[in-house]
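Participant: Sequence and predicted structure are below.
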Amino acid sequence: MKVSIFTAAINGDNAGDAIIESAVVRLLKGEKFLRFPLTSPLNDDDIAAINTTDVAIICGTNLYQHVFACNLTIDIVRRIIVPIIPFGIGTSAPVGEVPRMNAEGAATVKAIHAKCVVSSVRDPASLRFLWSLGITNTVLTGCPVLFHGLRVPDFARTNGGGDITLTPRGRLLHIDQKWQARQRETLDFVARRYRPKLVLQSPYDIKLARPLVDKYGLDVLQDAEWRAEPYLEAAVRQSATVGFRLHFAMLSLSYGKLAHMIGHDSRISEFCALMRLPPLLIDSYSDNELALHIDGRSFAADAFRRRWGELSLAMVKFIKANGLETHLVPETVVPAASPRRCTPGKPRICLLVDRPGWAFDVSAKNIKRQLSDVFAFDIKYVVDRPRLDPADYDLLYVFFWGERYHLMAGFPPDRVIKEVSSHRWQDDPAFGPCSAVEFADLYLRDCSTVFCTSRRLAALVSPAFDRVFHTPNGIDVTRFSAGSNGPNGPLVFGWAGNAKDTVKGFHDIVVPACGDRFPLHAATGDLDHRRMAEFYRNIDVFVVASRHEGEPLTLIEAMASGCFPVCVDVGIVPELIEHGVTGYVVTERTPEAFIEAFVWCETNVEVVRMAAARNAERMKRERSWEICAQFFKRALLDALAFRDRPRFRNDDVSCDTNLENLKKFCAIFHKYGHTQIHCITLRGLTNALYETDGTPV
């Protein structure tokens, strides 16, 4: 089914609109989406394209105001021949009121509802507004963002780590602007007390954030294009959010993170009433009251989950009534206390790779082939934007350490493995440059286990991350092997990789070094795996001139195919090559140094070809997937054991606890490799709600 999406995220300047669109797309199953602007005019081509789809969806945002705040006029609505479905639309009005929409806007809203089976609204005020227009084919479902996680939120993990985030709002609507000063007081209070991360949802928020950054040195999340993905990542990683933004708060709640919202108009007040949350209204709350909510982590999780369950049923019925399918699982069919749905038997592991046919995919398929007797694997491709459900898997193995797509699924870090197979974080501006400690903090916070494909990478990452395993990739020795006829004649040099990648050094090192003297064959991505095997067998010398590498599979494949490597000292080169014996290690990464290496090869042809033959035998013996898969097996079993390790929490540590006895107590757990969580009462360092011997604790 093809679906048109009307979204304010196109040409928009508010990440909330992108978050809403992201939620709508996640909720719907198996559709192809065409995006159209909601707040800028549609042209004839747009309308023609919309009419080629099966249905048009209006992404829920604050459209029901004194005007119908979008580009859909009655004339446009009449020209659209497919059903138009308002999806979780809301009102924007003063607290306790509904909008008084003008006649033109009301007529358009009625015309839209005449073209759908049923619409949905996000809160009771929006429902009352539609009823005031005589529109009855609508249901209360809540905002789609509330269901972004697709399952009932699990607040059991909210005592874990992560930032507190703070969301300012640059423009307060439906209230006197004098209250902006009150917002600034609260922002300063929260910034001083908690040192939160600032989450800016709109350019209007920047003015409020700048003094806090200057004064307290706070980190800031602000996406230049106001896309959803960075905010999804922040919502998953945080421990709680505080502030004035509704949609980021709803996104946080959908992933089981606490949200403390301060309302100034109907949007937050209606949401809090709907979800049974305590209202904090800008004209009546106090900063100390807000702090008690944050410090006490006070939140009626059971009541919220029950309300979420009721609304999830309404959302599913609404979607299906319009002939659509959904990924949303209503709360009533989800075991409330079970984080996984995996059945007994083989552990289920999702292998998340970038795209079919590329290097990660080759490795994933070989791991699956070798270890399917122990594990049940699914391979998913990021390029396909797959649905990932933590309930379906025991572990998630993310092959690229910089990948963020999986964060939207909400996998707990204890069940996530990340592979580190490149050094791009050390010098690539897209990812760094950063130190190992910074790398771990930026890119490995969402996992508990790291697999490194070279010993060099493992040595770099281990001091900054607790759980690092060396898992070398193998090769298919039935495909990559030396040819039956030995090479003869002049040496042929070969190179393989992405020629456009400046890290690889093809144009600035390899081509100038070969010049007209040394015959060069290059595989630049146009050969499949089968044809690559033949490519290697037609060359004598394989060249690696990269600025850095993790574990280039091309090097192992070439050596297994009977090639002599000429390489700079990167990645696994020290593990595979003994200079002058099994290969040639170039000490300087310059064309001149490679010319010198090529001349040496030309002068020592017999040495080169004898070493190449030995390389093929050695790779078959040491680097087959049958051998290397055992490294992955041991590491995967360890990751499963770590996931299932016992957790101990000790709530009996207070200001009068004997430290020496506590050390002995902890040593018992430490002896067996267990970690404890201690809830500790500190004297004089929190608030004065409780006292010990007359002293605040």
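Facilitator: Structure received.
Participant: what about the longest helix anywhere in the chain, average pLDDT?
Facilitator: Secondary structure of the chain per DSSP state H: the longest helix is helix 301-321. Here helix 301-321 scores 89 as its mean pLDDT.
Participant: any idea which helix or strand comes after that helix?
Facilitator: strand 348-353 (DSSP states H and E).
Participant: Partner strands of that following strand, with direction?
Facilitator: Next to strand 348-353 in the sheet, as set by DSSP bridges, lie strand 376-381 (parallel), strand 395-398 (parallel).
Participant: Please compute how far the longest one lies from its chain's middle.
Facilitator: Distance of strand 376-381 from the chain centroid (C-alpha atoms, centre = their mean, to the nearest Å) equals 17 Å.
Participant: Identify each buried residue in it, please.
Facilitator: By neighbour count on 16 or more other C-beta atoms under 10 Å, the buried set for strand 376-381 is 376, 377, 379, 380, 381. From N, CA and C alone the C-beta is placed, and that goes for glycine too.
Participant: likewise the shortest one?
Facilitator: Counting neighbours by 16+ other C-beta under 10 Å, one finds that the buried residues in strand 395-398 are 395, 396, 397, 398.
Participant: who touches the helix or strand just after it?
Facilitator: Later in the chain than strand 395-398, the nearest helix or strand by DSSP H and E is strand 416-420. Outside strand 416-420, the residues that touch it by C-beta atoms under 8 Å, 6 or more residues apart in numbering are 360, 395-401, 403, 406, 443-444, 446-453, 457, 461, 471, 550, 635-636, 639.
Participant: Strands of the stretch 1-150 of the chain, start to end?
Facilitator: Using DSSP state E, counting those that start in this stretch, the strands of the stretch 1-150 of the chain run over residues 2-7, 32-37, 55-59, 84-87, 119-121, 138-140.
Participant: In JSON lines, list those strands along with mean neighbour count, distance to residue 481 and mean pLDDT.
Facilitator: Converted to JSON lines, the strands of the stretch 1-150 of the chain look like this (neighbours: other C-beta atoms under 10 Å; distance: least, C-beta to C-beta, whole Å; pLDDT from 0 to 100):
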{"stretch": "strand 2-7", "mean neighbour count": "22", "distance to residue 481": "48", "mean pLDDT": "94"}
{"stretch": "strand 32-37", "mean neighbour count": "15", "distance to residue 481": "44", "mean pLDDT": "93"}
{"stretch": "strand 55-59", "mean neighbour count": "25", "distance to residue 481": "54", "mean pLDDT": "95"}
{"stretch": "strand 84-87", "mean neighbour count": "26", "distance to residue 481": "57", "mean pLDDT": "96"}
{"stretch": "strand 119-121", "mean neighbour count": "26", "distance to residue 481": "61", "mean pLDDT": "94"}
{"stretch": "strand 138-140", "mean neighbour count": "18", "distance to residue 481": "64", "mean pLDDT": "92"}
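Participant: Please name every helix or strand in contact with the helix or strand containing residue 555.
Facilitator: Element membership for residue 555 (DSSP H and E) is helix 553-560. Here helix 553-560 touches helix 359-371, strand 493-496, helix 529-537, strand 541-544, strand 564-568, helix 573-576, helix 605-622, going by 3 or more C-beta pairs under 8 Å, 6 or more residues apart in numbering; DSSP states H and E.
Participant: make it 6 Å
Facilitator: Contacts defined by 3 or more C-beta pairs under 6 Å, 6 or more residues apart in numbering; DSSP states H and E place helix 553-560 against helix 605-622.
Participant: which of the residues in the helix or strand that the helix it packs on is followed by are buried?
Facilitator: Sequence order places helix 625-643 as the next helix or strand after helix 605-622, per DSSP H and E. Residues of helix 625-643 classed as buried: 625, 628, 629, 631, 632, 633, 635, 636, 639, 640, 643 (neighbour count, 16+ other C-beta under 10 Å).
Participant: Run through who's touching helix 625-643.
Facilitator: For helix 625-643, the external contacting residues (C-beta atoms under 6 Å, 6 or more residues apart in numbering) are 347, 366-367, 370-371, 395, 414-415, 417, 449, 451, 469, 471-472, 474.
Participant: ok, of these, which one's closest to residue 98?
Facilitator: For those, the residue nearest residue 98 by C-beta to C-beta is residue 415; the value is 44.7 Å.
Participant: Hmm, that closest one is touching residue 395, no?
Facilitator: Yes. Using C-beta atoms under 6 Å, residue 415 is in contact with residue 395, at 5.4 Å.
Participant: any weak-confidence spans in this protein?
Facilitator: The model of the chain has pLDDT under 70 over residues 30, 156-161, 296-298, 331-344, 408, 484-487, 681-697.
Participant: quick one: which of the strands of the stretch 1-150 of the chain is nearest residue 182?
Facilitator: When the strands of the stretch 1-150 of the chain are compared by C-beta to C-beta, strand 119-121 sits nearest residue 182, at 29.5 Å.
Participant: out of the strands of the stretch 1-150 of the chain, which comes closest to residue 422?
Facilitator: strand 32-37 (32.3 Å).
Participant: Which residues outside that closest one are in contact with it?
Facilitator: Contacts of strand 32-37 (C-beta under 6 Å, 6+ apart): 2, 3, 4, 5, 6, 7, 10, 11, 46.
Participant: partners of it, with directions?
Facilitator: Counting by DSSP bridges, strand 32-37 is paired with strand 2-7 (parallel).
Participant: can you state the direction angle for the strand it pairs with and strand 55-59?
Facilitator: Orientation of strand 2-7 against strand 55-59 (axes from the mean of the first three to the mean of the last three C-alpha atoms, to 10 degrees) gives an angle of 20 degrees.
Participant: which outside residues touch strand 2-7?
Facilitator: So strand 2-7 is contacted by 21, 31-36, 38, 50, 53-59 (C-beta under 6 Å, 6+ apart).
Participant: again, only this time at 8 Å
Facilitator: With contact meaning C-beta under 8 Å, 6+ apart, strand 2-7 is reached by 17-18, 20-21, 24-25, 28, 31-38, 49-50, 52-59, 70, 72, 82, 324.
Participant: what's the most distant pair in the contacts of helix 625-643?
Facilitator: Greatest spatial distance among those (C-beta to C-beta): 414 and 474, at 27.7 Å.
Participant: Those two - which one has more neighbours?
Facilitator: residue 474 (24 against 18; other C-beta atoms under 10 Å).
Participant: Could you pull up the contacting residues of the more buried one?
Facilitator: So residue 474 contacts 366, 556, 623, 624, 625, 626, 627, 628, 629 (C-beta under 8 Å, 6+ apart).
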